[in-house]
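S.K.: please work out how this folds:
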Amino acid sequence: MDLATVHQGVHKLERKKRVGRGIGSGHGKTATRGHKGQLSRAGTELPSPFKEGGQMPLVRRLPKRGFSHNTWRKVWAVVNVGDLEKRFEQGARVDEAALRAAGLVKGSVDGIRILGDGNLTKKLTVVAHHVSKSAAQKIQTCGGNIEILSGPKPPARNKMRPRPAKVS
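M.R.: Numbering: from 1, shown residues only. I've put the predicted structure just below:
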């Protein structure tokens, strides 16, 4: 290698192509846009899969039926008491981090539910969003503790427009 070829092929300061600067530039007149057509006009966007020219778009052609709860549906990680028996030692604290480390919870979840399927013989401290009655009974008979996590806060109402007074 010599100093004459160190920067060969490296274009750090390559200048931007300046179009529409007259005939002498080689990019004048139509300014590399071609003749006529949608893409030669000012303010146009590249065609997207949702634009179909004059044809009615597919989204509007398809029938819209049914109802979906997906906007507010909660995804719960369900763990049974029998799984806690297999994966945790006596006196362990069972929270979301511990459940993930044990491989019982995977992916993104909104909360953890403990259900009562299986048997439990170990004293555990269980931290979850919901514990079924049978699971709570099994945990407490072994001398374990249950901590219930609170859910999300309710949305704040608009305080600029107070509610009308109740008429009794």
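S.K.: host element of the nearest residue to residue 136 once chain neighbours are set aside?
M.R.: Leaving out its chain neighbours, the residue that sits closest to residue 136 by CB to CB, 6 or more residues apart in numbering is residue 146, at 5.8 Å. Using the backbone N, CA and C atoms, a C-beta is placed for each residue, glycine as well. With elements delineated by DSSP states H and E, residue 146 resides in strand 145-148, which encompasses its position.
S.K.: ok, now residue 84?
M.R.: Short version: residue 84 belongs to helix 81-87, going by DSSP H and E.
S.K.: mean confidence score for that helix?
M.R.: Per-residue pLDDT values across helix 81-87 average out to 96.
S.K.: and the helix or strand just after it, which strands flank it?
M.R.: For helix 81-87, the following helix or strand on the C-terminal side (DSSP H and E) is strand 93-94. For strand 93-94, the pairing partners within the sheet under DSSP bridges are strand 125-128 (parallel).
S.K.: which other residues reach the longest helix along the chain?
M.R.: When the chain is parsed with DSSP state H, its longest helix is helix 133-141. Residues external to helix 133-141 that are found in contact with it (CB atoms under 8 Å, 6 or more residues apart in numbering): 80, 81, 114, 115, 116, 119, 120, 124, 126, 131, 145, 146.
S.K.: buried sites along stretch 31-49?
M.R.: When neighbours are counted by 16 or more other CB atoms under 10 Å, the buried residues of stretch 31-49 are found to be residue 33.
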